[in-house]
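Novice: A structural model of the following input is requested.
(one chain, ligands or ions: 3)
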Amino acid sequence: MTGLSDTIAAIATAPGSAGVGIVRLSGPLALTLADAVFSGRSKPSRSKGGRFLYGAFVDAQGQTLDEGLCLMFRAPHSYTGEDVAELQSHGSPAVLARLLSRVLEVGARPARPGEFTLRAYLGGRLDLTQAEAVLSLVNAQTEAARRQAALGLTGALAARVESIAVSVTRTLSAIQAMLDYPEEGVPEEEREVPLAQAEAELSALIGTARAGQVATRGAKLAILGRPNAGKSSLLNALLGYERSIVTPLAGTTRDYLEAQLELAGVPITLIDTAGLRETTDEIEAAGVRQAERLGQSADLVLRLEDGSAEREPLNLAGEVATILVQTKADLPLCWAAPDAIAVSAVTGQGLPELREAVRSALLGSETRGEAWLTTERQADAARRALTHITAAQHLPDDLASYELEQGLLALAELTGRDVQEDVVDAVFRNFCVGK
Ligand SMILES: Nc1nc2c(c(=O)[nH]1)N(C=O)[C@@H](CNc1ccc(C(=O)N[C@@H](CCC(=O)O)C(=O)O)cc1)CN2
Ligand SMILES: Nc1nc2c(ncn2[C@@H]2O[C@H](COP(=O)(O)OP(=O)(O)OP(=O)(O)O)[C@@H](O)[C@H]2O)c(=O)[nH]1
Ligand SMILES: [Mg+2]
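Specialist: Residues are numbered from 1 along each chain as shown. Ligands and ions are numbered 1, 2, ... in the order given. Modelled structure (predicted):
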């Protein structure tokens with residue numbers, strides 16, 4: 001049950017001390033409940049929307065809890081589309097906790113995670129891709145994540161999906177008209193042409209899913225290579241500080257080690273691993289197996305080969321994307337490979353090229369202002385839609401018509417125009433309380 005007739009309340013600002021903190025109320029009684037806890041020149045419930053009042057927050061005895069502002073929004077002109085009151089106090093955890101308990105005392109109900117944004121969605125102010133963008137924006141730690149989320153919030157992703165749905169709908173109506181008046185036949189420009197266009201646009205959109213998720217969630221980057229290839233040195237060089245132990249002895253790194261860094265706006269988890277070789281040492285062998293597993297679960301592998309020694313190419317199992325890195329480029333190089341990036345952990349040469357190669361392997365060539373699929377939920381719906389649309393192209397009209405309807409349903413699920421409640425619940429479960 002969503003309980004839209006309830007008035008909900010939550011602390012909207014981050015935990016901890018800050019200049020200002022906000023308790024937000026949304027629902028039919030938001031302004032009336034604000035009257036009970038706020039004392040100023042006039043009552044919030046008498047005020048117009050889009051205004052604020054200065055005054056004091058008071059307890060049941062009329063004692064001042066803090067001074068502050070009350071902001072009034074009147075439905076539908078608010079974030080949720082409902083009546084909203086914002087109580088802006090000093091940003092102290094103690095004040096905010098007391099202010100929240102005070103509004104609950106007078107009749108508000110604690111908001112569930114994401115419930116303010118859920119109300120905006122249920123009221124038709126946001127579609128599901130925009131709600132997901134709100135979540136990504138709140139969680140964005142880097143510029144690439146912020147850029148995609150802000151774009152999603154404008155509805156740019158939903159617009160891309162709608163344009164595909166328009167092509168599919170055009171074909172579907174042409175086919176359905178034909179089923180009613182079979183002597184007419186469906187002209188090619190009403191059937192094959194829009195379907196091919198929808199398929200191409202949808203494939204391009206699905207092609208953005210990896211980059212979109214990498215930008216939003218970040219990526220795991222594993223460094224693999226033989227012992228002494230220079231893995232730990234490269235990790236330290238990329239980080240800019242000595243995180244991992246480096247020695248001239250082969251087999252220095254045994255357990256894997258993770259470090260966080262930001263690269264071209266993407267949050268990266270960089271993983272140093274044990275050098276890959278056959279060994280009878282039980283501890284080292286366990287490290288080698290772990291390195292192989294980490295390589296397979298990474299988004300991208302840096303495959304390091306010592307450039308200063310005879311080349312021993314390294315073959316990695318599985319289908320993981322790799323970048324070949326020729327290490328120790330400050331020393332005389334013993335081999336050359338067209339796809340290798342030569343780097344030196346000592347002089348730093350080649351590191352900018354390596355960073356760019358990582359960026360382009362993870363994000364591809366980012367067209368400015370192009371909206372991407374940023375969640376697995378979106379990618380899954382888009383792939384199902386593509387399967388139906390592709391199938392429709394090779395089927396007789398009655399069956400094609402069914403596939404197109406299914407394709408449209410998957411697209412409607414993507415934007416949240418037509419979606420099961422459990423899918424919506426799953427989206428909002430990931431929100432924090434107060435958003
Ligand atoms: N104090 C505060 N800051 C905030 C928010 C908030 O809720 N409170 N936001 C939320 O999380 C974001 C802004 N989002 C918002 C979106 C719509 C409306 C709103 O009241 N819209 C009305 C009025 C528009 C107008 O006056 O032009 C409307 O669309 O009709 C408010 C905030 C970020 N900053
Ligand atoms: N000249 C030069 N020496 C390097 C470079 N990178 C690493 N080395 C040297 O190569 C040796 C091995 O470096 P590590 O970074 O420990 O190599 P590793 O791949 O982590 O080795 P294991 O942990 O044993 O698998 C050390 O003596 C480093 O100083 C480089 O770019 N230039
Ligand atoms: Mg090492």
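Novice: tell me which residues are up against whatever helix or strand Gly295 lives in.
Specialist: Secondary structure from DSSP states H and E places Gly295 in helix 282-297. Contact with helix 282-297 is made by 220, 222, 224, 251, 253-256, 271, 273-277, 279, 301, 316-318, 320, as judged by CB atoms under 8 Å, 6 or more residues apart in numbering. Heads up, the C-betas are built off the backbone N, CA and C, glycines and all.
Novice: now with 10 Å, please.
Specialist: Helix 282-297 is contacted by residues 220, 222-225, 227, 231, 250-251, 253-256, 258, 271-279, 281, 301-303, 316-320, 322 when judged by CB atoms under 10 Å, 6 or more residues apart in numbering.
Novice: which among those end up buried?
Specialist: Buried subset of these (neighbour count, 16 or more other CB atoms under 10 Å): 220, 222-225, 227, 231, 251, 253-254, 256, 271-276, 279, 301-303, 316, 320, 322.
Novice: which stretches of the stretch 51-200 of the chain have low pLDDT?
Specialist: By pLDDT under 70, the stretch 51-200 of the chain contains no weakly predicted segment.
Novice: near ligand 1, which residues of it?
Specialist: By CB under 6 Å from any ligand atom, the residues of the stretch 51-200 of the chain that approach ligand 1 are Phe73, His77, Ser78, Tyr79, Glu86.
Novice: backbone dihedrals for the closest residue to Ala18 other than its chain neighbours, please?
Specialist: Among residues not flanking Ala18 along the chain, Gly91 sits closest, at 3.3 Å (CB to CB, 6 or more residues apart in numbering). When read as degrees, to the nearest 10, the backbone of Gly91 gives phi -80, psi 60.
Novice: helices or strands up against the lengthiest helix in the chain?
Specialist: Scanning the chain for the longest helix, with DSSP state H as the assignment, gives helix 156-180. Helices and strands touching helix 156-180, by 3 or more CB pairs under 10 Å, 6 or more residues apart in numbering; DSSP states H and E, are helix 128-139, helix 143-153, helix 192-206, helix 376-392, helix 397-415.
Novice: can you say which of these is packed in most?
Specialist: For the helices and strands packed on helix 156-180, average neighbour numbers computed from mean count of other CB atoms under 10 Å are highest in helix 128-139, which has a mean of 22.
Novice: what secondary structure does the residue in the chain positioned nearest to ligand 2 sit in?
Specialist: Nearest to ligand 2 in the chain, going by CB to the nearest ligand atom, is Gly275, at a distance of 2.8 Å. Classification of Gly275 by DSSP: H, G, I helix; E, B strand; the rest coil places it in coil.
Novice: spatially nearest residue to it (excluding sequence neighbours)?
Specialist: Nearest residue to Gly275, sequence neighbours excluded (CB to CB, 6+ apart): Pro227, at 3.0 Å.
Novice: can you check Leu126 too?
Specialist: Leu126 sits nearest to Ala120 (CB to CB, 6+ apart), 4.8 Å away.
Novice: tell me how many other residues crowd the one you found.
Specialist: 21 (other CB atoms under 10 Å).
Novice: likewise Gly19?
Specialist: 7.
Novice: and the one 10 residues further on, by the same measure?
Specialist: By other CB under 10 Å, the residues close to Leu29 number 20.
Novice: flag every buried residue along stretch 176-196.
Specialist: Using 16+ other CB under 10 Å as the test for burial, stretch 176-196 gives Met178, Val186, Glu190, Arg191, Pro194, Leu195.
Novice: show residues contacting it.
Specialist: With CB under 10 Å, 6+ apart, stretch 176-196 has contacts from 164, 166-175, 389-390, 392-393, 397-398, 400-401, 404-405, 407.
Novice: isn't Thr279 up against Gly251?
Specialist: Yes. Using CB atoms under 10 Å, Thr279 is in contact with Gly251, at 7.6 Å.
Novice: among the buried residues of stretch 176-196, find me the one that's closest to Ala381.
Specialist: Leu195 (18.5 Å; CB to CB).
Novice: how much space between that closest one and ligand 3?
Specialist: In this view, Leu195 and ligand 3 are 53 Å apart by CB to the ion, to the nearest Å.
Novice: neighbours of the residue in the chain positioned nearest to ligand 1, just the number please.
Specialist: As assessed by CB to the nearest ligand atom, ligand 1 sits closest to His77 within the chain, at 3.4 Å. Neighbour count of His77, defined by other CB under 10 Å: 11.
Novice: what's around the residue lying closest to it once chain neighbours are set aside, how many residues?
Specialist: Nearest non-adjacent residue to His77, counting by CB to CB, 6+ apart: Gly49, 5.3 Å away. Per other CB under 10 Å, the neighbour tally for Gly49 reads 15.
Novice: isn't Gly49 right up against Leu31?
Specialist: Yes. The pair Gly49 / Leu31 is scored as a contact, 9.1 Å apart, by CB under 10 Å.
Novice: between those two, what contacts are shared?
Specialist: Listed as contacting both Gly49 and Leu31 by CB under 10 Å, 6+ apart are Met72, Phe73, Arg74, Asp83, Val84.
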